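**Q** Generate a structure from the sequence data that follows.
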Amino acid sequence: MLKRLLPLLMSAALGLAPSICNSQANSNKATKAVSKSVATDERIHRVETGIPPIPTPEKSGPMQVDVRKLMEIFKVPGLSIAVIDDYKIAWTKAYGVTAIGGTESVTTKTLFQAGSISKPVAATGALYLVEHGKLSLDDDVDNKLVTWKVPENEFTKDQKVTLRRLMTHSAGLTVHGFPGYATTEPIPTLVQIFNGEKPANTAPIRVDFVPGSKVRYSGGGVTIEQQLMMDVTGMPFPQFMQKNVLDKIGMTDSSYEQPLPSARAALTATGTYEDGKPVPGKWHIYPEMAAAGLWTTPTDLAKFAIEIALSKQGKANHVLSQAMAREMLRPQIERVGLGFFLGDEKEPDRFGHGGADEGFQADLIMFGDSGQGIAIMGNSDNFFRVAPYVEDSVAKEYGWKSAPHDHPVGPVLVLMEAMQGTQAAIEEFQYLKQAHLPEYKVDENSLNQLGYTLLQGKKINDAIQVFKLNVQEYPRHWNCYDSLGEAYMNAGQKDLAIQNYEKSVELNPQNENGINMLKKLKGDK
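**A** From the prediction side, this is the model:
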């Protein structure tokens, strides 16, 4: 009997052994996963609370804020973040609610308007067409445009509007950006937008300096890029981008559809104005899709940034070849690539873009050589008063080469004004200037940023007070007078506006804005 049982016992033992090993392996994997999760949670906590304490003249000592406190101070209802490390999405997290005063929480799947981050994503589609022989970077775009042509004038006699120049904002075209259209308003065609015809709410898009001679930001130019892509493919722009860019990168929660179909519209956040009021109808509609029409999430924007960075290294290339990705990230004119803004000599591998639509703002930063970055989005016009603190905290936690060694004073003054008013912000400026703290750089930009924040918030008298102080503190800086002139102009004090613009131009004869404002104020057309 024992002899008959031995083979069975041995067989059973051998059968159990793999099960025991697998159980142990699974246990080890689970332990590692838990450890990794705990480590990630700790990093997230350090990012959220890692904003440096702000020194103040108060006896209570430095002021400490975290991400949620900043959102509360600046009336930012919702925020969503994706952090990139080693070419992977390290973590994502969402904060707040989808609408001011609401109860629905923002999730990492909540859709936000990307504003001008639409541009580099659209540029990827145009470069795809270049690689497939449908477009050329350096031919006159009128050779391929069918629906509408760029009007010729004295500026285009020798130099033409090209796709490369559209992508680099150097085509000489007008119309900086677009306000979009309320959901109750009629939506113009692209041709009506190009010609500034009703119901379009922007001026005609025209060439008013020699193409290729300088950079001047033009959403109008990128809208021509959109029409160009539609004309050569015969496809609606959202469908072309979905098939050839978004789907290939795995941007499953992204769309250029304007307006969104109901299923996607149900996933959106509601835009919020600076004063905390919601955008009527939740958001504006942007027929200028390539320039401002992308709905997306930070997760999808992170996938996009990783794709471009790896494509440059020949390791992804789902849409663009290595050679084209390198061309996209090469400085074309100044620090502008094909669709992206690029870092300076200290950060040559940095690329990214910011964005702002009505009630929405977003930022995308990527370092191509280290695989680090961040995509961050919010449903508020105050987003950019919170985002830099978060970005700096992420940079410090993950050891970015651009991790801040000093702290600009402007955002600190803006924060103090939001918490305690203009006078408290002025006292903070005076305290930081006298304290000579090495990590806080006090200069003419400090008060200027505060002044423009007040001006945007319609606190015109407070803005004048701040700009006047800036002129007193920095009497040889032309831009201080230019800003004070703008504040007086907003206040309807024409003579004082002229006086300050004249002083600005006297200190800097190349101040184009001051020259133009003086012509306008003096009635010189």
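
**Q** wait, doesn't Phe367 sit right on Ala403?
**A** No: taking contacts as CB atoms under 8 Å, Phe367 lies outside contact range of Ala403: 11.4 Å. To be clear about C-beta, it is placed using only N, CA and C from the backbone, and glycine gets the same treatment.

**Q** Have a look at the two and say which one is more surrounded.
**A** Using other CB atoms under 10 Å, the more surrounded residue of Phe367 and Ala403 is Phe367, with 22 against 13.

**Q** For stretch 154-166, give the mean pLDDT please.
**A** Stretch 154-166 comes out with an average pLDDT of 98.

**Q** Any regions of the stretch 401-525 of the chain where pLDDT drops low?
**A** Residue ranges of the stretch 401-525 of the chain with pLDDT under 70: 524-525.

**Q** Run through the helices of it in chain order.
**A** 409-420, 422-435, 444-456, 460-473, 478-490, 494-507, 512-522 (DSSP state H, counting those that start in this stretch).

**Q** ok, how many other residues are close to Lys149?
**A** 14.

**Q** Which residues are in contact with it?
**A** Applying CB atoms under 8 Å, 6 or more residues apart in numbering to Lys149 gives the contacts Asp142.

**Q** Show me the one of the helices of the stretch 401-525 of the chain that comes nearest Asp140.
**A** Closest of the helices of the stretch 401-525 of the chain to Asp140 is helix 512-522, at 27.9 Å (criterion: CB to CB).

**Q** That closest one versus helix 478-490: what angle between them?
**A** Orientation check (axes from the mean of the first three to the mean of the last three CA atoms, to 10 degrees): helix 512-522 against helix 478-490 gives 30 degrees.

**Q** Helix 512-522 - contacts with which helices or strands?
**A** helix 478-490, helix 494-507 (3 or more CB pairs under 8 Å, 6 or more residues apart in numbering; DSSP states H and E).

**Q** Out of those, flag the one nearest Gly352.
**A** That would be helix 478-490 among those, by CB to CB, at 25.4 Å.

**Q** what helices or strands is the closest one leaning on?
**A** Counting contacts by 3+ CB pairs under 8 Å, 6+ apart, helix 478-490 is packed against helix 444-456, helix 460-473, helix 494-507, helix 512-522.

**Q** any idea how far the third one is from the chain center?
**A** Using CA atoms, centre = their mean, to the nearest Å, the distance from the centre of helix 494-507 to the centre of the chain it belongs to is 33 Å.

**Q** Which residue ranges make up each domain of the chain?
**A** 75-385, 407-522 (automatic domain parsing).

**Q** Low-confidence bits of the chain, can you list those?
**A** For the chain, the stretches with pLDDT under 70 are 1-33, 524-525.

**Q** most centrally placed residue in it?
**A** Gly354 (1.8 Å; CA atoms, centre = their mean).

**Q** That one sits in which helix or strand?
**A** strand 350-357 (DSSP states H and E).

**Q** List the buried residues of stretch 321-336.
**A** By neighbour count with 16 or more other CB atoms under 10 Å, stretch 321-336 contains the buried residues 324-329, 332, 335-336.

**Q** swap in stretch 86-105?
**A** So, applying 16+ other CB under 10 Å, buried residues of stretch 86-105: 87, 89-100.

**Q** Show only the entries of the residues you listed found in strands.
**A** Among the buried residues of stretch 86-105, the ones falling in strands (DSSP state E) are 89-96.

**Q** quick check, nearest of the residues you listed to Val130?
**A** Ile89 (28.7 Å).

**Q** give me phi/psi at the residue nearest to that closest one when sequence neighbours are not counted?
**A** Nearest non-adjacent residue to Ile89, counting by CB to CB, 6 or more residues apart in numbering: Ala302, 5.1 Å away. Dihedral angles of Ala302 (phi, psi; degrees, to the nearest 10) stand at phi -60, psi -40.

**Q** Could you verify that Gln361 is part of a strand?
**A** Yes: under DSSP: H, G, I helix; E, B strand; the rest coil, Gln361 falls within a strand.

**Q** wait, what's in contact with it?
**A** Gln361 touches 115, 354-355, 377-378, 380-381, 383-384, 387, counting by CB under 8 Å, 6+ apart.

**Q** please redo it, this time with the cut-off set to 7 Å
**A** 115, 355, 378, 380-381, 383-384 (CB atoms under 7 Å, 6 or more residues apart in numbering).

**Q** any chance of the residues you listed in JSON lines, with secondary structure, distance to Thr107 and neighbour count too?
**A** Listed next are those as JSON lines, based on DSSP: H, G, I helix; E, B strand; the rest coil; distance: CB to CB, whole Å; neighbours: other CB atoms under 10 Å:
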{"residue": "Gly115", "secondary structure": "helix", "distance to Thr107": "21", "neighbour count": "28"}
{"residue": "Gly355", "secondary structure": "strand", "distance to Thr107": "20", "neighbour count": "25"}
{"residue": "Gly378", "secondary structure": "strand", "distance to Thr107": "14", "neighbour count": "33"}
{"residue": "Ser380", "secondary structure": "coil", "distance to Thr107": "17", "neighbour count": "26"}
{"residue": "Asp381", "secondary structure": "coil", "distance to Thr107": "22", "neighbour count": "24"}
{"residue": "Phe383", "secondary structure": "helix", "distance to Thr107": "18", "neighbour count": "27"}
{"residue": "Phe384", "secondary structure": "helix", "distance to Thr107": "22", "neighbour count": "18"}
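
**Q** Distance to Arg264 added to the residues you listed, as CSV?
**A** Formatted as CSV, those follow (distance: CB to CB, whole Å):
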residue, distance to Arg264
Gly115, 17
Gly355, 18
Gly378, 19
Ser380, 21
Asp381, 23
Phe383, 21
Phe384, 26
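
**Q** Now stretch 256-266: buried residues?
**A** Here stretch 256-266 shows 256-260 as buried, counting by 16+ other CB under 10 Å.

**Q** Of all pairs in these, which one is the farthest apart?
**A** Pairwise over the buried residues of stretch 256-266, using CB to CB, the maximum falls at Tyr256 and Pro259, 11.2 Å.

**Q** which one among the ones in strands among the buried residues of stretch 86-105 gets closest to Asp138?
**A** The shortest approach to Asp138 among those belongs to Ile89, at 35.9 Å (CB to CB).

**Q** what's the closest of the helices and strands packed on helix 478-490 to Lys315?
**A** Nearest of the helices and strands packed on helix 478-490 (CB to CB): helix 444-456, 39.6 Å.

**Q** neighbouring contacts of that closest one?
**A** Helix 444-456 has contacts (CB under 7 Å, 6+ apart) with 274, 409-410, 413-414, 417, 422, 425, 429, 462-463, 466-467, 469-470, 474, 477, 479-480, 483, 487, 490.

**Q** can you do 6 Å?
**A** For helix 444-456, the surrounding residues in contact (CB atoms under 6 Å, 6 or more residues apart in numbering) are 409-410, 413-414, 425, 462-463, 466-467, 470, 474, 477, 480, 483.

**Q** Nearest to Pro151, out of these: which one, please.
**A** Ser483 (35.2 Å).

**Q** give me every residue that touches the closest one.
**A** Counting by CB under 6 Å, 6+ apart, Ser483 has contacts 448, 451, 467.
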